Structures are given as C-alpha cells and as structure tokens.
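Q: Next one to model:
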Amino acid sequence: MNTKFIYSVFLSGLIRYLLSISKYSKSIENHVEVSTPLNSFKRVKEGAFLYANDVDPYEGDVYHENPFILFTTSFLLKNMSGMIPIIIILLDLLTAIFIYLGTKAISENNFEKQQKNLSTYAENTTEIQLKKADTIEIPTYCALAYLFNPYSILNCVGLTTTVISNFLLSIMIFSLSRNMKILCILSLAIETQKNFYSFVLIVPVALRFSESSKSKVISRILTIIAFLITLLSLHCLSFQMMKSFNFIDSTYGFIIHCRELLPNIGLFWYFFTEMFDHFRNLFLYTFQLNSTILYLLPLTFTFKDSPEFLLTILLSLISVFRSYPCVGDIAFCMSLIPLWKRIFQFMSHNFIVVAAFLVTSILGPTVYHLWMYANSANANFYFGVTLVFCTANIFLLTDLTFAYLKMEFCLKNGISFDKSLKLSLD
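A: Next comes the predicted model:
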C-alpha cells in the first residue's frame with residue numbers, strides 16, 4: 001500500500017467519525033434508504049435487550065439477524081456500547097483495505113492470464129489490453145470508490161449491519177483472489193446465514209478455485225459440498241446457542257416472504273402493497289427467483305472463464321432485486337466496477353446512469369420528506385424515484401455486461417477507429 005492510500009483511509013475514517021458524532025447521525029440512522037427491517041441498528045438493540053431479559057428475540061417480528069450477530073451485539077452493548085460507532089468505522093475501513101488487497105491480486109492474475117493469451121489476440125488491440133500499471137491503479141481506484149462513496153459513508157454512519165455484510169464479502173473476495181479456500185467458504189457461509197441471497201456466489205467461487213485443478217468438475221462439486229456443510233454447521237451451532245430453530249424463520253423466512261412492506265429503495269414494498277392477496281405467492285416467488293437463480297445459469301455459461309466478473313454481476317443483481325436493499329449494498333458493488341476499467345470505453349450509457357444516480361439520490365430523501373412529514377406527496381412519488389434508481393442500476397449492470405462481451409470479441413477479432421472516432425470491428 002502506498003502512502004497516499006493510507007492517508008485516504010485515515011481521511012475517510014475521519015469523515016465517518018465526524019458525521020457519527022454530528023447532529024445528523026440520528027437522521028441518517030433512521031432514513032429508509034440506509035436502514036431496513038433487516039439491518040436497522042434500532043432493531044439490533046431491541047433484539048439484544050430482549051435476549052438480555054431472557055426473551056427469545058426470534059419469537060416476535062422485530063429482530064432478523066443471525067444468532068452470531070445477536071451474541072456479539074449483546075456483548076458490545078452490555079460492555080462497551082460507547083465504542084460501537086468506532087468498531088463499525090474500523091470494520092468499514094478494513095473492508096476497503098480487503099477490497100484493495102483482493103482487487104490487486106485479481107488484477108495481477110488477469111494480467112498474467114492476458115500475457116499467456118497474447119498469441120490469440122488480434123494485432124491492433126494493444127490499447128484495450130490490461131497494462132502493468134493498471135495492476136497498481138485499479139486496486140487503489142476500487143478502494144477509493146468504497147472509502148469516499150457517499151452511499152458507503154451513510155451506511156457506516158447509520159450503524160447498519162450491512163457494514164458487517166460488506167466486511168464479510170470483502171474477506172471472501174480477498175481470500176478468493178489469494179486461493180485461501182477455507183477462509184473464502186467460511187466467510188461466504190456466514191454471510192449467507194445472514195443474507196439468504198448470497199448463496200448464489202458459491203458458483204463463481206467454485207469456478208475460480210477449479211481453475212488450477214486437473215479435474216474441474218470434481219473440484220467444483222467438492223467446493224459446493226464444502227460450502228453446504230459449512231453452512232449447515234453454522235445453523236447447527238446457532239441452534240446450540242438459541243436452543244431452537246426459530247432464527248431460520250426470522251431470517252430466511254422474513255426475507256423470502258417479505259413480511260414488512262416498509263418503504264425502501266427496492267421494488268418489493270410498493271408492488272406487494274398493491275397486490276391482491278390471492279396473487280401474492282405467485283408474484284412473490286417470481287420476484288425471488290428473479291433475485292437468485294433466474295440469471296445464474298445463463299450468466300455462468302457466458303462468463304465461466306471470468307469468475308471474478310461473474311461475481312461482480314451477481315453481487316449487482318442481488319443488490320438491485322433483493323427484498324430489502326439499502327445504499328450500503330449498492331456501495332459495495334460500485335467499488336468493484338473500477339476492476340473492469342478497460343471495458344469503460346465500450347460502455348454507452350455512462351451519462352444516463354450517472355445522471356440518474358445523482359438525481360434520484362437527491363430526490364429520494366426529498367420526496368420521502370414531502371410524503372411522510374409535509375403531507376404534500378404520496379407513495380407513488382417515492383416509488384417513482386426508487387424505480388428510476390433501480391433502472392439506473394440495471395442500465396449500469398447491462399452496460400457492463402455487454403461492454404465486457406464487446407471487449408472480448410474485439411480482442412479476438414481486432415478493433416479500429418476511423419476518422420470520425422466511431423468504433424468499428426475488423
């Protein structure tokens with residue numbers, strides 16, 4: 001790590017700390033773009049209070065985190081409650097550091113792959129190939145994209161448990177890039193116990209670990225089996241801690257059935273508020289399939305040779321289509337986009353996406369205030385903003401996907417620029 005990056009880490013930590021002790025911290029913590037029924041710090045404190053008074057927090061409909069977070073937060077609130085904001089900030093900074101280390105290893109690995117495949121590339125493709133300098137710049141851009149992203153800063157100041165999810169995902173990416181199989185599977189299993197949707201990430205993980213194996217199919221199967229055994233072991237350990245399996249319904253059941261239709265930046269809440277009850281299950285499972293396995297097979301077949309890019313796409317899909325998304329999920333996905341900087345010149349919707357993010361990020365809180373406090377708007381206004389926000393995410397996702405495919409095609413078939421600067425294929 002260079003000195004400038006270390007200074008950036010301290011500066012971003014200072015920004016987070018100053019905001020956490022400011023008068024705006026409570027407002028940020030309570031905002032629907034930041035806190036959801038799954039990650040709200042208020043609900044974490046409520047669950048810890050119930051547990052401390054010998055009441056099972058999973059019997060009600062307030063607490064929806066896994067038992068490991070319940071035990072940890074109960075201990076922290078009892079013994080060092082004043083240090084919780086500092087701990088959250090440190091976890092967020094560690095997330096950026098792991099992103100830096102992980103993306104650095106991925107960039108170096110991609111550069112080595114490119115050097116081995118140079119003979120298969122067309123002659124005039126030097127300008128779209130990965131450069132040695134990129135292996136130094138890309139991890140810095142990725143870390144900075146997380147450290148100074150307003151979404152990740154708000155997520156940290158809001159004390160959401162999404163900070164823990166991002167930390168676990170960063171460890172997974174770091175260990176994946178360094179071929180640390182046990183740590184990667186363990187971190188993914190813990191995150192999957194917390195967030196149901198993360199189970200699809202085992203596919204790119206299995207693809208990545210099978211690259212150096214002689215029998216790729218057997219390696220992938222063994223990786224998936226190891227993940228399932230680890231996840232089952234975590235559930236059994238949670239049962240020993242809680243003496244019941246109530247936590248499964250309060251975590252997975254709550255996420256899948258979307259029991260609280262509170263406003264958020266996702267698509268579920270408004271749609272199912274307006275849904276007739278006898279159609280609810282049909283559309284509920286359709287939405288959940290869309291969030292998990294609907295795109296898994298086609299994307300896996302398309303990007304089986306680039307598991308890291310597949311991981312980026314799946315993370316983005318989860319952050320958009322999950323039942324209770326927040327800005328913290330979006331921030332983590334955005335931090336991985338610089339990893340694919342060489343495909344930026346093939347993207348065609350940059351202005352639309354950036355403009356949509358800026359406009360909706362400003363309009364969202366504004367319209368929500370008009371709806372809830374000024375009584376001069378309604379749910380349609382707020383949902384309209386969140387719909388545009390999700391559309392911008394989808395535009396970004398599809399643009400990245402097609403840009404990657406264009407780049408791969410151009411590397412094999414050649415690329416040239418005419419005098420009008422229009423891209424043409426040989």
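
Q: From now on I want contacts and neighbour counts done on CA atoms only, so please keep to that.
A: Will do.

Q: hey, where'd the helices end up in the stretch 201-350 of the chain?
A: Here the stretch 201-350 of the chain has its helices, by DSSP state H, counting those that start in this stretch, at 202-209, 216-242, 246-248, 254-257, 268-273, 277-291, 296-302, 307-321, 327-336, 350-372.

Q: ok, residue 63 - contacts?
A: 37-38, 43-44, 46-47, 57, 250 (C-alpha atoms under 8 Å, 6 or more residues apart in numbering).

Q: Please report how far residue 83 lies from residue 283.
A: 43 Å (C-alpha to C-alpha, to the nearest Å).

Q: and the two? which has more neighbours close in?
A: Using other C-alpha atoms under 10 Å, the more surrounded residue of residue 83 and residue 283 is residue 283, with 15 against 11.

Q: got a markdown table for the helices of the stretch 201-350 of the chain, with distance to residue 190 and mean pLDDT too?
A: What follows is these, written out as a markdown table (distance: least, C-alpha to C-alpha, whole Å; pLDDT from 0 to 100):
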| stretch | distance to residue 190 | mean pLDDT |
| --- | --- | --- |
| helix 202-209 | 12 | 94 |
| helix 216-242 | 7 | 93 |
| helix 246-248 | 14 | 90 |
| helix 254-257 | 16 | 92 |
| helix 268-273 | 25 | 89 |
| helix 277-291 | 19 | 88 |
| helix 296-302 | 21 | 93 |
| helix 307-321 | 16 | 94 |
| helix 327-336 | 17 | 94 |
| helix 350-372 | 31 | 91 |
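
Q: out of the ones you listed, nearest to residue 8?
A: helix 327-336 (14.9 Å; C-alpha to C-alpha).

Q: Just want the angle from the closest one to helix 350-372.
A: Note on geometry: by axes from the mean of the first three to the mean of the last three C-alpha atoms, to 10 degrees, helix 327-336 and helix 350-372 are set 170 degrees apart in direction.

Q: Now residue 256: closest residue in space that isn't a chain neighbour?
A: residue 288 (7.0 Å; C-alpha to C-alpha, 6 or more residues apart in numbering).

Q: Run a quick neighbour tally on the one you found.
A: 20.

Q: dump the residue contacts of it.
A: So residue 288 contacts 256, 322-323 (C-alpha under 8 Å, 6+ apart).

Q: quick one: which of those is most hemmed in?
A: residue 323 (28 neighbours).

Q: How about the contacts made by that one?
A: Residue 323 makes contacts with 255-256, 258, 266-269, 288, as judged by C-alpha under 8 Å, 6+ apart.

Q: what about it, distance to residue 269?
A: For residue 323, the distance to residue 269 - C-alpha to C-alpha - is 8 Å.

Q: Repeat that for residue 242.
A: 30 Å.

Q: What are the buried residues along the lengthiest helix in the chain?
A: Using DSSP state H, we find that the single longest helix of the chain is helix 379-413. Residues of helix 379-413 classed as buried by neighbour count (16 or more other C-alpha atoms under 10 Å): 381-383, 385-397, 399-401, 403-405, 407, 410-411, 413.

Q: re earlier: switch the contacts of residue 288 over to TSV; also include distance to residue 300.
A: Shown next, in TSV, are the contacts of residue 288 (distance: C-alpha to C-alpha, whole Å):
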residue	distance to residue 300
256	24
322	20
323	23
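
Q: Which one of those is nearest to residue 148?
A: Nearest to residue 148 among those is residue 322, at 24.4 Å by C-alpha to C-alpha.

Q: sorry, back to before: so which of the contacts of residue 63 sit within helices?
A: Per DSSP H, those map to helices at 43-44, 46-47.

Q: what pLDDT, on average, does stretch 74-94 get?
A: Here stretch 74-94 scores 91 as its mean pLDDT.

Q: re earlier: just name the closest of the contacts of residue 63 to residue 137, please.
A: Nearest to residue 137 among those, with distances taken as C-alpha to C-alpha, is residue 38, at 35.4 Å.

Q: Please write out the alpha-carbon positions of stretch 72-90 in CSV.
A: Extracted in CSV, the C-alpha atoms of stretch 72-90 (Å, rounded to 0.1, in the frame of the first residue of the first chain):
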residue,chain,number,x,y,z
THR,A,72,-21.8,-10.2,19.5
THR,A,73,-24.0,-7.0,19.7
SER,A,74,-25.4,-8.1,23.1
PHE,A,75,-21.9,-8.3,24.4
LEU,A,76,-20.9,-5.0,22.9
LEU,A,77,-24.0,-3.2,24.1
LYS,A,78,-23.5,-4.5,27.6
ASN,A,79,-19.8,-3.9,28.0
MET,A,80,-18.7,-1.2,25.5
SER,A,81,-21.7,0.4,24.0
GLY,A,82,-19.9,3.7,23.5
MET,A,83,-17.3,2.0,21.3
ILE,A,84,-19.8,0.6,18.8
PRO,A,85,-19.6,3.5,16.3
ILE,A,86,-15.8,3.2,16.4
ILE,A,87,-15.9,-0.5,15.8
ILE,A,88,-18.3,0.0,12.9
ILE,A,89,-16.0,2.6,11.3
LEU,A,90,-13.0,0.3,11.8
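
Q: Name the residues of it that come out as buried.
A: Using 16+ other C-alpha under 10 Å as the test for burial, stretch 72-90 gives 73-74, 76-77, 85, 88-90.
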